[in-house]
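give the three-dimensional model of this entry:
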Amino acid sequence: MMGGQGVGKGTFSRMLAQRHDFNHIEVGAILRTAPADSEIAKTISAGNLVPDDMMFDLMSEKMTPDRDIILDGFPRKLSQAKWLVENYADKFNIHVIYLNVPESILIERINKRIREGGGRADDADPAVIRNRLDNFRKITMPAIEWLRTVPNIKFSDINAHGPAAENFAEIVAALRP
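Residues are numbered from 1 along each chain as shown. Okay, here's the model as predicted:
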C-alpha cells in the first residue's frame, strides 16, 4: 500500500486485514514506538525517512512467508523498492496498490485527522507536514514510478479522491485475480 501522508494507507490496510487473513505490517506505527531519544524517533520527528539499513533489518524481521502481507508505509524510497523486489519477489506475489491523490487533498485529510483527534505528533507541525510531503514527492514517487514498470509484479493505480467506502471498493476490486 503506497501513497502520500494522509491518503488512508493505514485505514485501508486495516480494513483489508480485517477482511482477509493478511499479516498487516504498519511500518509507521512500529517506528513511532521507538524510544524518544533513539535515532529513529529523532529522524521521524524531523519529518525525515529512517535509513535503509534500519528499515531492511526491521522488514526482514517482520516479513515471514507463512501468510500474505500488507505493507503499510514501505517501501518509501527507490532503494527500498529495489530491495523488496530483489529479496521477496520470489517469495510473494507482489501487488503494489498506489493510492493516488493530489497534494491538496492530502493536506485536507491530515488537517481533518488533527481536527478529529486522530492526529499524530508528526501531524502537529506544519513545517514537518510540508517536509513529509516534499519527501514523498522527491523520494517516494521515484520508487512508485519504478515499481510501476517492474515485470512480474502487479501495480494498481487507485484514484483515491472519493469517499473511503468507494476507495476501498476500488482497492478490493484491484486485488481480485
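
so what would you say the end-to-end distance of stretch 2-14 is?
14 Å (Cα to Cα, to the nearest Å).

for the record, mean pLDDT for it?
Averaged across stretch 2-14, the pLDDT comes to 92.

what's it in contact with?
With Cβ atoms under 8 Å, 6 or more residues apart in numbering as the test, stretch 2-14 has contacts from 1, 24, 26, 28-29, 70, 72-73, 75, 96-101, 103, 106-110, 113, 129, 132-133, 136, 140, 143-144, 147, 160, 164, 167-168, 171. Where C-beta positions appear, they are placed from N, C-alpha and C, glycine not excepted.

which ones among those residues lie within helices?
Counting by DSSP state H, these place 28-29, 103, 106-110, 113, 129, 132-133, 143-144, 147, 164, 167-168, 171 in helices.

which residue sits closest to the spatially most central residue of the chain, ignoring its sequence neighbours?
In the chain, the centroid-proximal residue (Cα atoms, centre = their mean) is Gly73; its distance is 2.4 Å. The spatial neighbour of Gly73 that comes closest, neighbours along the chain excluded (Cβ to Cβ, 6 or more residues apart in numbering), is Val27 at 3.6 Å.

which residues does that neighbour contact?
Shown in contact with Val27 (Cβ under 8 Å, 6+ apart): Met55, Leu58, Met59, Leu71, Asp72, Gly73, Phe74.

any idea how far Phe56 is from it?
Distance, Val27 to Phe56, using Cβ to Cβ, to the nearest Å: 12 Å.

how far out from the middle of the chain is stretch 66-81?
Going by Cα atoms, centre = their mean, to the nearest Å, the spacing between the C-alpha centre of stretch 66-81 and its chain's C-alpha centre is 7 Å.

how far away is the spatially most distant residue from the centre of the chain from Val50?
What lies farthest from the middle of the chain is Asp37; by Cα atoms, centre = their mean that is 24.2 Å. Using Cβ to Cβ, one gets 15 Å for the distance from Asp37 to Val50.

check contacts around the residue farthest from the centre of the chain.
Counted by Cβ under 8 Å, 6+ apart, Asp37 has zero contacts.

does it count as helix, strand or coil?
Classification of Asp37 by DSSP: H, G, I helix; E, B strand; the rest coil places it in coil.

just the buried ones among the contacts of Val27, please.
Met55, Leu58, Met59, Leu71, Asp72, Gly73, Phe74 (16 or more other Cβ atoms under 10 Å).
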